[in-house]
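Participant: structure here, sequence nowhere to be found:
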């Protein structure tokens, strides 16, 4: 397909955040953006699901941000700054992770630029811990950090099947379905963050924390198409592809196909 | 099971075409026939699905054709010649690929030997391109090459979920289901070609171009049993196992079980 | 989660039997117990499925038995002796395999200690051969060896999808469902043995003899929770994780999650 | 290091030929150029061996040629055309393979542009067969095809340790050492082609046809530095990195370091 | 090369013993014979080292013995019986392992047939333990079992670099060099057993118990050529290739090249 | 061998620091300590090199520190605190990494406890950068951070073969050999830090930043035995084993054998 590198200008702006320093179980999502781009070569630009073609979508790829490993604070600042640049140019940011923590930098920038922002969170894990092994900035705390400034009631969660007992009450309050989330979002600007471990590990083994018992590929794609095309989508991300965990290469192809469908749903 | 190497004589003749030179994304289907034979050791000869045993089927394995890599024309000639030998001996050819292009050599031989031949094509990809990067002989053009001499109306497709926009009209015209294809075929001699990437990559990651969102193992086996036992089957193939892409070895076992069920459906 | 090593005392006693010398196709289940413990770190202690937490369950892990490879007789004696120790201490044995033959040592000890013992067998393969390549002690004969002293009518099988034709009659007689097995077991002490290859290889490729066409993760977990919580469970095992066959590591996580759900179902 | 993509202009022009359709044993050198570039990130630009820095070398990377798979003739034409463009711009071509056959396209272009061209061939295999399985264009015949138009006496070979008996006489005639080859070349324009399987497979397992008993890394680097800096180097290539055969990634790093040393030797 | 399967008759008789049930660390040498045969396709029949061609050697391949896993006693009986058949036909047995214990079956047969038999043992490990975890038949005891009936003074060891302290005295007594062993053997019939882990793990990682600090490929080949061609070689073996431990495939190629050189040294 | 877990008390105290958050190229050294312990099972306790046995050495293993990922400052504090505990108990700290940055925590503690401390640094890389991508705490800056408080003249380096040009002058000043370093150290307390990538990648591919052209196994072991037994060794570490990069498992065995030789050299 070679879809991603195809165009230097466009309304939707892809960018990669190759960072995974807080990953606690199995690192490797730093290799996600490169693997996703490479896998996109094996796919067609035409989507039979939406009967539309990526060549009709206005998008670009601004490449990966060069991020330092270790302390996540400087990396998050760089992600936030890049997002602000994208927004200043009037484009819609579409982030490719990297671990889930990278989402924080994008949402910080968007919350400033788009008052009333809401977040729809697709994931296997709640990511609502107050801290993780003493660290406040972690892939396991990212939604709590977002809730700190956006308020938990501006977040809805879909697909959560793993949580700590202390997270249970909040998860029950935030859980939703695609249809309910669309109604809830109304005309507000919405950010959609998709941790690909929402998929069952049989279809997506290439991730840091696989959680058995997840969604099928078709369910995820249908959910995302519905969300992206029916809310006022201010930005989105697809995170937690760790291609080194899946030597068959299928996980990268799955991620690339998810991105294709999102681009078409958003851009046509 | 050791089923494949078991008998030097039989009505159905297995043979391998270890060729993958036109594979564009990930080569390795050249290793398919050997891996499939090896994997057959882990399976029983008895099929609970059909309540029948492979030891009651008259089949043989004539081994792999020694094929040169590079230019596909000489390889296709050798496949065609071997098929003609098998047909001359009154046997039913059952090819193990190799990339999908190898099917062309078999169908060329069969079209001469069996007037009125029809082809039922199970696949994730339409394979109907006029050419691919300037090459007319390619895994991505094989069904178009067959349509060139057989006519597109003597082809039906099942399971297609990836195509280029220019292929759309023809795909819509040829698409079918197992039941409709059986009715359509009637008493005509039928060749069945099965690209195993019709399966979802979760069950069959070991292939050159995995396409997320495919068929389950049970669906494929039920489809193939119905087709093989209800049409006048003049030959068949199972292609695109690339075992080097699946280090778990499961894809080779899947392919071997598909072949077992086809042999039993055809031979009992 | 670090759940397994957490407690030196408890009512349920985990122990590992790293043995795979009779495995005929692909060895590696000797690495199962260690991989399962390691994978447990990636899981939470809380189960949303049962709305209960492993931290409320009284269990311990007594580690792996040091077993010699080769002739299985001494290994089985050691497993039997360890089980007798566990039973003497008033604990419920929960074995982590290893190949399926290790189950024999546990059931020998339990049959003495708990008169009227019945066995519920979850598996893809019947394991009822009289012998295998001349060996009476094998992963392929283990249920027949158990039937030798317990009687076949004290065994029920769930999920069998691979058998030799001579096993067919006995398999038909023993096959059951979770509900029927619960009724059948009544108040009798029951041992539950779960060969994880009952799962489809897409979700569990890390096993010695993958058999396409199996159970989903949710089906298995629901079945096990029903059995463990509704029969009088005298012991159980989870066997045939061969983590070296699944470089994605997902199979070990699947096994660890199955064990978590069984511990919670048994201990709360 | 990010050395390769660093500069759009320069005296030495890197370009990739991702082609491996005639590879007879294990394909994958099509992935060589991409893996080599990626691996270059892990290396410094400074060479302690030559006490010089890549940042002082005038070079560029014009990327990979898009090549069709299958019949090698069109691919070779495209490689030849690209080489002609590079020569027209007054640059020195530095090809990254791909299988060894790709060398033919470059040498065809150079032989026209640089009368009196000689070739120094570093390899484990003689590559002097008249044909291979009936194909005249093959990785195993490439030096014979070059000898066809350049004459065998304009070729010298270093490191050959595998050959067919019929090649023995010619190999004996062409074999040389670095020092002898430098003297032999004199002031004539020289093309240096380096098949990395000249290295022992312990240091370079990532190649299509590993041949035990080869050169050490230091020997190869010293040989190449001597050749490149002491002959009149009209072009060079580094071929047969098949990174999919070496999951440790070391082979790609070895290739990248070889390229770094050649660039510095040529450009400083 | 396809050298091994080439001839049904010959003076030297290759046969495989795919058995690894007593392997204590990492199983997989059961896959050794098949991988070695497959790897032989990538090698030429001509040896530049000996300037001789395998096509001039009178040898055959009688394939693998079908061996049961688990208790090693029946497997050893089958190996002994096959060796007796080979000797009865006047052929020289050349065994491909399998774990090192398989050597015992061959030497038992040879000791009867060839009075005065001596054994030259190339290995990283002494294999002289009285028992291993209570088992007397083990890869770690094989040379002690041979010493039991042949006497330790009819054994010489080359390359040992790993032993238990209790083995030290005997190892010191038996250790030798190629030259000394040739003198020592004189005109007596000699069996040569080569555990490939004598090689450094950098060149041969594909083995059950890699021991850092070993021999180079050239040293081993030179040693074996000297031994095989200068003693009265009554039989030989090459064992402990575990190809599943080396995904690069290089170890299998190394083993195949060792076998090629031994065949040529013995048969020309 | 099971050597590491063998004893709860001892003069030398092993401990693991599973941290790799600042690794810039390929993460995975967090898995080093666990893999090294597991690999130690395959080795004997007796060392033929030193003719001594690990069972005579007084050592213990206090296990791994639980470290948070991300910002390295808290992890370094925990490593320093653990080292202080070990020193307070009168033991010699022997750290198993993790990435090289973990060394900083140990040396901080030792510098306080042992005035006049010197450091001998074995490595492929100089690790003397002032900062790396703006981060002052990094695997690439660790020796510069140590030089900040210890002074560069209390450091000697062995084996460096990769550096940035600005590091050249300092590297030239600090470079040494084993013999010179022993003389230089005299009776001062010495810390020895060994980054295993000093080895050639052929023998040790399992590391984050493999650098072709390194030391052989025997050279490293002889160097370490000389240093450890001839300086006044106040502590030591072995770091940068990333076992996920070497699926053959050899790198972990190499690391375990290095640790065995160091323990014996230090403790006998």
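Facilitator: Ah, there it is. These numbers were taken from a predicted model, which means no experiment stands behind them. Numbers count the residues shown, from 1 in each chain, chains lettered A, B, ... in the order given.
Participant: who in the stretch 151-268 of chain A is up against chain C?
Facilitator: The stretch 151-268 of chain A comes close to chain C at residues A:160-165, A:168, A:200-203, A:205-206, A:209-213, A:245-247, as judged by C-beta under 8 Å from any C-beta of the partner chain. For glycine as for every other residue, the C-beta is placed from the backbone atoms N, C-alpha and C.
Participant: sitting in helices, which of these do you find?
Facilitator: Judged by DSSP state H, helices contain the following of those: residue A:168.
Participant: how far out from the middle of the chain is the host helix or strand of residue A:16?
Facilitator: Assigned by DSSP states H and E, residue A:16 belongs to strand A:12-17. In this view, strand A:12-17 has its centroid 11 Å away from the chain centroid, taken as C-alpha atoms, centre = their mean, to the nearest Å.
Participant: and for stretch A:20-29?
Facilitator: Distance of stretch A:20-29 from the chain centroid (C-alpha atoms, centre = their mean) equals 16 Å.
Participant: show me where the stretch 101-250 of chain A has its helices.
Facilitator: A:102-113, A:142-150, A:168-174, A:178-185, A:217-230, A:250-267 (DSSP state H, counting those that start in this stretch).
Participant: coming back round to it: so whichever helix or strand comes after the strand holding residue A:16 versus helix D:32-39, what angle?
Facilitator: Downstream of strand A:12-17, the next assigned helix or strand under DSSP H and E is helix A:32-39. Put simply, helix A:32-39 runs at 170 degrees to helix D:32-39, going by axes from the mean of the first three to the mean of the last three C-alpha atoms, to 10 degrees.
Participant: show me the contact partners of helix A:32-39.
Facilitator: A:4-5, A:16-18, A:61, A:64, A:96-98, A:238-243, A:249, A:252-253, A:255-256, A:259, D:34, D:38 (C-beta atoms under 8 Å, 6 or more residues apart in numbering or on different chains).
Participant: just the buried ones from the residues you listed?
Facilitator: A:4, A:16-18, A:61, A:64, A:96-98, A:238-243, A:249, A:252-253, A:255-256, A:259, D:34, D:38 (16 or more other C-beta atoms under 10 Å in any protein chain shown).
Participant: what's the average pLDDT for the strand holding residue A:16?
Facilitator: Strand A:12-17 carries an average pLDDT of 97.
Participant: related to what we said a few turns ago, out of the helices of the stretch 101-250 of chain A, which is closest to chain D?
Facilitator: helix A:250-267 (13.7 Å; C-beta to the nearest C-beta).
Participant: could you give me the average pLDDT of the closest one?
Facilitator: 98.
Participant: does it reach chain D?
Facilitator: No - between helix A:250-267 and chain D, judged by C-beta under 8 Å from any C-beta, nothing touches; the nearest distance is 13.7 Å.
Participant: what about that helix, near chain B?
Facilitator: Yes - judged by C-beta under 8 Å from any C-beta, helix A:250-267 comes into contact with chain B at A:250, A:253-254, A:257.
Participant: before we move on, back to that, between helix A:102-113 and the strand holding residue A:16, find me the angle.
Facilitator: Using the same axes, to 10 degrees: strand A:12-17 against helix A:102-113 is 140 degrees.
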